[in-house]
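S.K.: sequence below, structure please.
(chains A, B, C, D, E and F)
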Protein chains: 6
Amino acid sequence: MRILVINPNTSTFVTEAVAAAARSMAAPGTEIVAVTGRYGAAIVSGRSEDALAAAEVLRLAAEHDKGCDAIILAISFDSGLRALRELSPIPVVGMSEAAMLSACMVGGKFAMITFGNRAAAIYAELCHSYGLGARLTNVLSLPPLTQEEQMNPSLVVPGLARIVGETVEKDRTESVILSGAIFAGIAGEVAAHVEVPVLVGIREAVGMAEMLVRLQPDKARTGSYRLPDAKQIEWPDPTLAERYRVR
Amino acid sequence: MRILVINPNTSTFVTEAVAAAARSMAAPGTEIVAVTGRYGAAIVSGRSEDALAAAEVLRLAAEHDKGCDAIILAISFDSGLRALRELSPIPVVGMSEAAMLSACMVGGKFAMITFGNRAAAIYAELCHSYGLGARLTNVLSLPPLTQEEQMNPSLVVPGLARIVGETVEKDRTESVILSGAIFAGIAGEVAAHVEVPVLVGIREAVGMAEMLVRLQPDKARTGSYRLPDAKQIEWPDPTLAERYRVR
Amino acid sequence: MRILVINPNTSTFVTEAVAAAARSMAAPGTEIVAVTGRYGAAIVSGRSEDALAAAEVLRLAAEHDKGCDAIILAISFDSGLRALRELSPIPVVGMSEAAMLSACMVGGKFAMITFGNRAAAIYAELCHSYGLGARLTNVLSLPPLTQEEQMNPSLVVPGLARIVGETVEKDRTESVILSGAIFAGIAGEVAAHVEVPVLVGIREAVGMAEMLVRLQPDKARTGSYRLPDAKQIEWPDPTLAERYRVR
Amino acid sequence: MRILVINPNTSTFVTEAVAAAARSMAAPGTEIVAVTGRYGAAIVSGRSEDALAAAEVLRLAAEHDKGCDAIILAISFDSGLRALRELSPIPVVGMSEAAMLSACMVGGKFAMITFGNRAAAIYAELCHSYGLGARLTNVLSLPPLTQEEQMNPSLVVPGLARIVGETVEKDRTESVILSGAIFAGIAGEVAAHVEVPVLVGIREAVGMAEMLVRLQPDKARTGSYRLPDAKQIEWPDPTLAERYRVR
Amino acid sequence: MRILVINPNTSTFVTEAVAAAARSMAAPGTEIVAVTGRYGAAIVSGRSEDALAAAEVLRLAAEHDKGCDAIILAISFDSGLRALRELSPIPVVGMSEAAMLSACMVGGKFAMITFGNRAAAIYAELCHSYGLGARLTNVLSLPPLTQEEQMNPSLVVPGLARIVGETVEKDRTESVILSGAIFAGIAGEVAAHVEVPVLVGIREAVGMAEMLVRLQPDKARTGSYRLPDAKQIEWPDPTLAERYRVR
Amino acid sequence: MRILVINPNTSTFVTEAVAAAARSMAAPGTEIVAVTGRYGAAIVSGRSEDALAAAEVLRLAAEHDKGCDAIILAISFDSGLRALRELSPIPVVGMSEAAMLSACMVGGKFAMITFGNRAAAIYAELCHSYGLGARLTNVLSLPPLTQEEQMNPSLVVPGLARIVGETVEKDRTESVILSGAIFAGIAGEVAAHVEVPVLVGIREAVGMAEMLVRLQPDKARTGSYRLPDAKQIEWPDPTLAERYRVR
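M.R.: This is a model prediction of the structure:
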């Protein structure tokens, strides 16, 4: 099967990192095709950039999903997930969604970890919007990365291990989700330093997408996730406008 | 004061209807400036069109908010509300948000009313995302409008009055929110036929916007609603890209 | 329009403080009439005094609401809010209710701040009773005021700024509500020292009351907020008993 | 032990009915002392009358609790329960509170049954305010009693049995709480006609009060339920004012 | 009346401790019969041992409930409570359930206290499963007992008093539940050192059981708590298999 | 990889049905090993049988999990899921858990469908215990199967399609979970007759188990899901007792 990994950040180094992590998880016979955003922020970091990324996700899917069996959103805000799930005839999985659902099967409550204090509230809202607020203990923030840490992400592992240790004792956290592309490369290191399971999203998303492709649930023919009625929309991108025109 | 009313639907007749309703509520000295979407669906009716409308809302605000004191989103999905609230230095109010918060002050729980079964789930999610799920009894759907009803909306009043009567008795609904542009013109008629207060959003939004302008709460300087850091984004529209460039 | 501000505390200095704050917010043409409790505690500080204040609120409204267009409860427990909303033909707004609903439009979650540890649980219950528990991060308590601080409230600003800073970082609080008459005079000072919007209730309540007066939602004719049936009640105060007699 | 049963309705026939039901449940050696409201409505039926009843409850307790070991509020709105729990040095139990907590031990979710549509929302709010909303399936209303039914309450049993049967099948209701004095006399008849346990409040409240008297939990010395500080309050009733004066 | 106290831990010293505490609470005329688990862990301390204890609870009830009027589960996980409530014709009360419901009547929110970090999540889930999550502030853990502390439990009182003091101030906790057999002996000491009511479960359970015996609610004849249909089950224990055979 | 499918019902025809469904989903290289309960009910149908099944699940795992990479509980109550997740070093997935988590990725809210009214409340509690209550619209019951329907399950499809159609329109249900072994054989037929995706649990569980095996999350070394400490337990089955003895 072929899975389209959409990274609506406009940074190709992020795409490469998540594509590599995706391939490390993919079953034999699963092909990972990864694409990068043309429009939006280099690294989506807040509410308005998330909204722009959602529109870009729809455009990227329209441009690239031909011949694909499922789509993964490789952005930890899961930008545009519900929108694309309506517009797409094939299964769509969000990276953070996959991490949260997997954490449910690992057992107990989970914490999410991010950098800085802009994104934390957004992750908490995302979790609640999935109806999973009861499983979330907290969204914890590490200080924004220094330049040295960006060059050598392993430097954040001790601080990360410390706040995970605290939330495990204080909040009854039983697994942690590392939210952000930077974590992709150090997940193994982190796991070695903490006492609870660690999830990063992209790997879980590959497993979920493969499951859904094999499961082949019918596309809804009623309700809010059925395909839009054929209609004309105005949009700079013709492929996306075309997507609405015919049904 | 000057309030910018943004209608991201691309239909000018909707803009005219909400602008008229807004002016009927505005205090002396309040000027209503209404703009219509250039990109997106004529009438936004589902999840993906909502996502496109959110991006268009950001673009319209960047193009038109100069000299304005507050912004109202004149679309009952409140498309892009949180995104614009981050990106905008002036207060932003959503039409459905204003209806729901006003319903809280009228007392008890409220129901929302819509047409067809595509939008109902979206309204329920919107209400829960505002933390107001405990005040919502249900989102009720009338059948999609017939052509005759579109020409003469008064024809839906009897059916509407009937389902409101039912939710009042069965669900302990104590007010109803009519969600959709079509309702703007018949709200008075509906109110005469039901026994609980009726809210339509655009009028409440004007009152809320005026309140916030006079209140002048400080813009957050931390957290998820502070302005984005200055950055370069790629976007077809130069005004929106400019909005991110300088801080 | 004329707005009746009811302060069921029996302290006139509180009435004067809230009336001044109310007038600072009122639109041109809005008259603020403020009345003080005759029965009850000088400063309502707990559950039983709150219950007595609720009865006094009903009595004060019956005595003073003639010719008024809306009522504001100028007590941060919103004592008797739902009761008066049923009994009164005109809109009623609670001070804390208005602060919480306004905080929703400022964005994100809010914290409430009080003094001592008697009132904190009551504020949290109030917030949950409005269905807004999902928007509340915490109710934080400052130590009870010293005599010196009562004389010079500005002395509490540094301590207040510190606990606000902590809740912003730790709980993802994005605005704060200062609950208590003492705060009315120092809100501006506090706002200058914290990084999130600050709300005090009385000013927001004036804006909400004006909005409701212009909106003129119908009084419910069914359900729990319709007027009581005409009946005889026994009550020491004849005006209040009269209020129930005729319909 | 001696239990004070406070009925803040001003109707002595209600007092007599609940006192009889209370005595039918009381353990050997438990004395039931029942008192009737002087001020307020004959039958408390809505929000504002509930607020007046709360104040009257405080007054009645101050007047009559000498020598008593616990207090039961014999009114199904539990008017003033939290207020009296703060002000009283002895345990206080609400009739509906006792019914709901007992229903938890019977198993599963419960429904409440009332007459008319004014009280239903109030019962639902009460249940949620106790943190028991997750156990409540619905508050169901029977039509207001006809004069014939008031004379002969058994006439309502068939209609009651029918709506109970419906909620059992449709809502997974596993017990029902009959809320209202009228039900006291027909509880046995109802129980014979429905397939789930039936609770009426006053009997459960007696058992709960006896349990608390024997348990003798310490009165809180901090937080929102500790006794008010000694203070002067203005109140027409000297006994109640006295209650606040000395500590 | 006769109450069967089932301790599915296989430690008789636990049974003796809870039986003594139960007898200290029992009304005159109430006989306490206490039995100890034959199968399972000496002290049930985690999820799988809890599951084994649930099966053992059913077996012990089948073996010993003849002539009894109610059953108390003397294990703070309330192992098998819902299962036995279905299978048993007489009332069943859980020790932690009784503590939580009693805490509701004492007022406000409660905290639970345990040892180590294995059980804390289980208590929190238990509380939520009863629909009482809104009343729980936190489950706090003391360090696992040292050998010295096991010999002399009074040694933990100072540490316990300190964490209770903290949760009272920080979380608005208004009562505490001590979860674990070790606490039975030191509850009085703890109560003397903290400022909020202290609950231990077994004493409250006795009061609740007596209340239910006198109340005599009908056994459900429909829904999930009615007796199982007569059927053959395979089980090593003949008494338990017999319990399912005849109806 | 090898997945152990545990059916704690003592009916081998159920085991065969779920094993066949599991194999229809398994990826190339995945071996399905299915075992049947020795102790308990032929078809687990209520609370006490569920408790017995949980103990049997632990025993079956101890007996059969050698050489396996993951375990699936093939019983729609997910009996013993959390208990085995603690006791087992390999991943464990519940059939209903897998269905619910998959429904989350299909989009919107889901309904569960069962037979009779004994199990409905149990499924609802299960869903809430996973923190997924906000995604559940309802648990709907079909009448208990007639003998004719047991022979020819296709006979229930029309009735099933009708109640699904109703919940889709009335409750905004966007997918349905068929809970019960009987459904395994007719899922395809049902899917053809309803307009929303249909989930049955066993197939989703296979995909989830494969995902977890490839993901290899670390077993928790702290908290409530870490392995029990080595200890002696009394249990009729030596394999299970052995499981606790050594660590």
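S.K.: quick one: low-confidence ranges for chain A?
M.R.: Chain A contains residues with pLDDT under 70 at A:247.
S.K.: wait, what's in contact with the most centrally placed residue in chain A?
M.R.: Centroid-nearest residue in chain A, with C-alpha atoms, centre = their mean: residue A:95, separated by 2.3 Å. Listed by C-beta atoms under 8 Å, 6 or more residues apart in numbering or on different chains, the contact set of residue A:95 reads A:18, A:72, A:73, A:74, A:75, A:76, A:78, A:201, A:202, A:204, A:205. C-beta coordinates here come from the backbone N, C-alpha and C atoms, glycine included.
S.K.: from chain F, how far off is the fifth one?
M.R.: Residue A:75 sits at a distance of 17 Å from chain F (criterion: C-beta to the nearest C-beta, to the nearest Å).
S.K.: does chain B sit close to the longest helix seen in chain A?
M.R.: Longest helix in chain A, counting residues (DSSP state H): helix A:47-64. Yes. Helix A:47-64 reaches chain B (C-beta under 8 Å from any C-beta of the partner chain) through A:47, A:48, A:49, A:50, A:51, A:52, A:54, A:55, A:58.
S.K.: from those residues, list the buried ones, please.
M.R.: A:47, A:48, A:49, A:50, A:51, A:52, A:54, A:55, A:58 (16 or more other C-beta atoms under 10 Å in any protein chain shown).
S.K.: now for the closest residue to residue A:194 other than its chain neighbours, how many residues are close by?
M.R.: Closest residue to residue A:194 in three dimensions, ignoring its sequence neighbours and counting by C-beta to C-beta, 6 or more residues apart in numbering or on different chains: residue A:164, at 4.6 Å. If you count neighbours by other C-beta atoms under 10 Å in any protein chain shown, residue A:164 ends up with 23.
S.K.: wait, isn't residue A:164 in contact with residue A:113?
M.R.: Yes. If you go by C-beta atoms under 8 Å, residue A:164 and residue A:113 touch, sitting 7.2 Å apart.
S.K.: identify the contacts common to those two.
M.R.: Residues touching both residue A:164 and residue A:113 (C-beta under 8 Å, 6+ apart) are A:140, A:176.
S.K.: let me see the contact set for residue A:115.
M.R.: Residue A:115 is in contact with A:141, A:142, A:143, A:144, A:145, A:180, A:182, counting by C-beta under 8 Å, 6+ apart.
S.K.: what's across from it in the sheet?
M.R.: Beta bridges link residue A:115 to residue A:142, judged by DSSP bridges.
S.K.: got a markdown table for the buried ones among the residues of helix A:47-64 next to chain B, with distance to chain F too?
M.R.: As requested, these are arranged in a markdown table below (distance: C-beta to the nearest C-beta, whole Å):
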| residue | distance to chain F |
| --- | --- |
| A:47 | 22 |
| A:48 | 25 |
| A:49 | 24 |
| A:50 | 19 |
| A:51 | 20 |
| A:52 | 23 |
| A:54 | 16 |
| A:55 | 19 |
| A:58 | 16 |
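S.K.: domain ranges for chain A?
M.R.: Domain assignment for chain A, taken from automatic domain parsing, gives A:2-95+A:203-245, A:97-201.
S.K.: and the end-to-end length of the first one?
M.R.: Right, the one you point to is domain A:2-95+A:203-245. By C-alpha to C-alpha, to the nearest Å, the extent of domain A:2-95+A:203-245 from end to end equals 26 Å.
S.K.: got it, and the last one?
M.R.: For domain A:97-201, the separation between the terminal residues is 8 Å (C-alpha to C-alpha).
S.K.: again with stretch A:67-75
M.R.: Span of stretch A:67-75 from end to end, C-alpha to C-alpha: 22 Å.
S.K.: which residues are contacting that stretch?
M.R.: Contacts of stretch A:67-75 (C-beta under 8 Å, 6+ apart): A:1-9, A:14-15, A:18-19, A:22, A:33-34, A:44, A:53, A:57, A:61, A:65, A:79-81, A:84, A:88, A:90-95, A:98, A:202, A:205-206, A:209-210, A:212-213.
S.K.: for ChimeraX, write the select line for the buried members of these.
M.R.: Remark: buried members of the contacts of stretch A:67-75, expressed as a ChimeraX selection using 16+ other C-beta under 10 Å:
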select /A:3,4,5,6,7,8,9,14,15,18,19,22,33,34,44,53,57,61,65,79,80,81,84,88,90,91,92,93,94,95,98,202,205,206,209,210,212,213
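S.K.: ok, which stretches of chain A are helices?
M.R.: For chain A, helices defined by DSSP H occupy the ranges A:12-25, A:47-64, A:81-87, A:95-106, A:120-129, A:147-151, A:157-171, A:187-193, A:202-215, A:238-245.
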